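Novice: need a structure here:
(one chain, ligands or ions: 1)
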Amino acid sequence: MKNQSVISKPPDKLILPRQLRQQIVEHCRQMAPLEACGLLSGKPDRVKTVHRMTNTDSSREHYTIDPREQFELFKNLRGTEDLVLAIYHSHPHSEAYPSEEDKKLAFYPTVVYLIVSLEKQQPEFRGFIIDQEKTVREIPIKFLNTD
Ligand SMILES: [Zn+2]
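Specialist: Down below sits the predicted model:
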């Protein structure tokens with residue numbers, strides 16, 4: 001899938017400033033027990049902005065990003081230097097690992113699929129590249145302190 005607004009090569013890590021990490025955690029906790037989802041944009045491989053999206057499935061076990069919201073974001077990113085780097089969603093009751101459904105519905109082989117597990121008291125963040133053969137490769141998430 002070719003899309004100018006999406007990172008063109010899978011990054012080998014994702015840098016996430018701590019305040020953005022916190023925004024994601026808040027979104028995921030607000031939506032629980034339903035799954036939350038959203039997109040992260042910035043310049044490879046550092047996240048600059050969190051974009052909350054509507055999970056049109058309203059489900060505890062899967063998500064679909066509202067296609068109109070996603071289209072709108074892609075449109076807004078065009079003409080800027082920022083790209084979609086990652087797609088995040090929460091697992092309110094399970095580990096931070098892609099489900100079979102997540103793999104099946106991973107259509108962007110270059111973006112990071114960031115999964116936030118709320119299963120334990122401390123939210124767990126893990127990032128994965130899922131290629132066209134649905135092979136899952138974990139990449140590190142580096143949290144960055146910003147003042
Ligand atoms: Zn999932």
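Novice: And the residue of the protein closest to the ion?
Specialist: residue 102 (4.1 Å; C-beta to the ion). The way it works is simple: take the backbone N, C-alpha and C, and place the C-beta from them, glycine included.
Novice: count of neighbours near the residue lying closest to that residue once chain neighbours are set aside?
Specialist: Residue nearest to residue 102 in three dimensions, not counting chain neighbours: residue 113, with 6.8 Å by C-beta to C-beta, 6 or more residues apart in numbering. Other residues within reach of residue 113, judged by other C-beta atoms under 10 Å, total 21.
Novice: Could you tell me which strands the host helix or strand of residue 113 is paired with, and in which direction each runs?
Specialist: Under the criterion of DSSP states H and E, residue 113 resides in strand 112-117. Strand 112-117 sits in its sheet next to strand 83-91 (parallel), strand 124-130 (antiparallel), going by DSSP bridges.
Novice: Can you lay out the ones you listed as a markdown table showing mean pLDDT and distance to the ion?
Specialist: Putting the strands paired with strand 112-117 into a markdown table (pLDDT from 0 to 100; distance: least, C-beta to the ion, whole Å) gives the following:
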| stretch | mean pLDDT | distance to the ion |
| --- | --- | --- |
| strand 83-91 | 98 | 5 |
| strand 124-130 | 98 | 10 |
